[in-house]
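Colleague: can you look at this prediction? I've put the sequence above it.
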Amino acid sequence: MFSYRHAFHAGSHADILKHYVLIHLVKYLQEKPGALTLVDTHAGAGIYSLIDGFAKVSNEADGGIYRLIQFIEKQISLGHSLNEDITHYLDLIRNENTQGNIELYPGSPFILARLLRPQDRLKLFELHPKEIDILRQNIAQLPQAKQIDIYAADSFSRLKGLLPPPSRRGLVLIDPSYEDKQDYRYLEAAMGEALQRFATGCYAIWYPALSRRESAELPDRMKKVAANHMRSWLHVELRVEHAPKERRLQASGMFIINPPWTLEKNLADSLPILTQALGQDSSAEFLLKSFEA
Ligand code: SAM
């Protein structure tokens, strides 16, 4: 436990899928003026350097954010029109960087913080003893800091205590490291409790799409949880390669419970572009499925 540091994976293809979907969810929910509570159950450090430290050990951003930027720049040079939502995602990443080069990659806490309106609140959970200190320092520098609460606690057991939020409008991002195989079981239990208390909330669950049994079974388990509470869902996966040995993460997915009606069409437009941009070879592909309760 606690060997996982998100800096190793910052700006990877998996971060792109997760943060792209996250931004769409927040933007949709903000179409109404009512206050929103955003919960990030597994926050990490908040923002990451891509030019030194852990990120330089794995260089996952090379196959992620840097690859996407290169692809988009090529599209611009060819005079092709750009997908607006991918441009919007890239703008949020660029805005954390003052010098033009992408040296910093914002994690979900920063992305969510930057999107807060004055009436919104953000709740962050982080358990790692070092990450929580870095997260606190990073968040303290944001103009939105007063709208943000940080909990050094196990979010699987504490999430239910925040639900339903006072305004009854909320989005929960659940992004475990799955370092502990038990996370799959804890996730299922936490989702059952969360839907019991706040059935109308929007829940976005990230997972690594691996051949390991727990990971392969996760989407079906989430479908059952959603069905028990008669909830709609959307399931998306993005695979960038299909090499025989899973030495590095080749695919990841998001399972969204109570997705906005706009998400499926949005992903149907953007996933072919993201797959083309981030795909390492011809085995790159995406999956997009949904169910309306
Ligand atoms: N959501 C972040 C982002 O997109 O930028 C990345 C988070 S990373 C995948 C998962 C984080 O969850 C790690 O920093 C880990 O220390 C933390 N964590 C692991 N188990 C936890 C738990 N039970 N409660 C809260 N945080 C936990």
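Modeller: Perfect, I can see it now.

Colleague: which element is Y48 on?
Modeller: For Y48, the element it lies in under DSSP states H and E is strand 47-49.

Colleague: which of the residues in that strand are buried?
Modeller: Neighbour-count burial for strand 47-49 flags I47, Y48 (criterion: 16 or more other CB atoms under 10 Å). Yep, even glycine has a C-beta here, placed from its N, CA and C like the rest.

Colleague: show me what that strand pairs with in its sheet, parallel or antiparallel.
Modeller: Paired neighbours of strand 47-49 in the sheet (DSSP bridges): strand 104-106 (antiparallel).

Colleague: tell me if the partner strand is near the ligand.
Modeller: No - applying CB under 6 Å from any ligand atom, one finds strand 104-106 separated from the ligand by no less than 7.6 Å.

Colleague: do the following helix or strand past that strand and the ligand meet?
Modeller: Reading on from strand 104-106 to the C-terminus, the next helix or strand found by DSSP H and E is helix 108-115. Yes - using CB under 6 Å from any ligand atom, we find that helix 108-115 touches the ligand at S108.

Colleague: quick check: what element follows helix 108-115 along the chain?
Modeller: Downstream of helix 108-115, the next assigned helix or strand under DSSP H and E is strand 121-125.

Colleague: so which elements touch that following strand?
Modeller: Using 3 or more CB pairs under 8 Å, 6 or more residues apart in numbering; DSSP states H and E, the elements in contact with strand 121-125 are strand 37-40, helix 108-115, strand 148-151.

Colleague: neighbouring strands of the helix or strand harbouring L173 in the sheet, and parallel or not?
Modeller: Assigning secondary structure by DSSP H and E places L173 in strand 170-174. Sheet pairing for strand 170-174, assigned by DSSP bridges, gives strand 37-40 (parallel), strand 202-208 (parallel).

Colleague: how about the CA coordinates for the last one, as PDB?
Modeller: Taking Å, rounded to 0.1, in the frame of the first residue of the first chain, the C-alpha atoms of strand 202-208 are listed here in PDB:
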ATOM      1  CA  CYS A 202     -23.700  11.700 -11.300                       C
ATOM      2  CA  TYR A 203     -20.900   9.200 -10.600                       C
ATOM      3  CA  ALA A 204     -17.800   8.800 -12.900                       C
ATOM      4  CA  ILE A 205     -15.700   5.700 -12.100                       C
ATOM      5  CA  TRP A 206     -12.300   5.300 -13.800                       C
ATOM      6  CA  TYR A 207     -10.600   1.900 -14.100                       C
ATOM      7  CA  PRO A 208      -7.600   0.300 -15.800                       C
END
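
Colleague: does it reach the ligand?
Modeller: No - using CB under 6 Å from any ligand atom, strand 202-208 stays clear of the ligand, coming no nearer than 7.3 Å.

Colleague: show me what from this protein comes close to the ligand.
Modeller: 4, 6, 18, 40, 42-44, 107-108, 125-128, 131, 154-156, 175-177.

Colleague: of these, which belong to helices?
Modeller: Judged by DSSP state H, the residues of the chain next to the ligand include K18, S108, E131, S155, F156 as members of helices.

Colleague: so how far is I86 from the closest residue to the third one other than its chain neighbours?
Modeller: The shortest distance from E131 to any residue that is not its chain neighbour, by CB to CB, 6 or more residues apart in numbering, is 5.0 Å, and that residue is A45. When CB to CB, to the nearest Å is applied, the distance between A45 and I86 equals 25 Å.

Colleague: the two: who's more crowded?
Modeller: The residue with more neighbours, out of A45 and I86, is A45; 26 against 20, by other CB atoms under 10 Å.

Colleague: can you pull the contacts of the more buried one?
Modeller: Contacts here follow CB atoms under 8 Å, 6 or more residues apart in numbering; on that basis A45 touches R5, H6, A7, G107, E131, I134, L135, N138.
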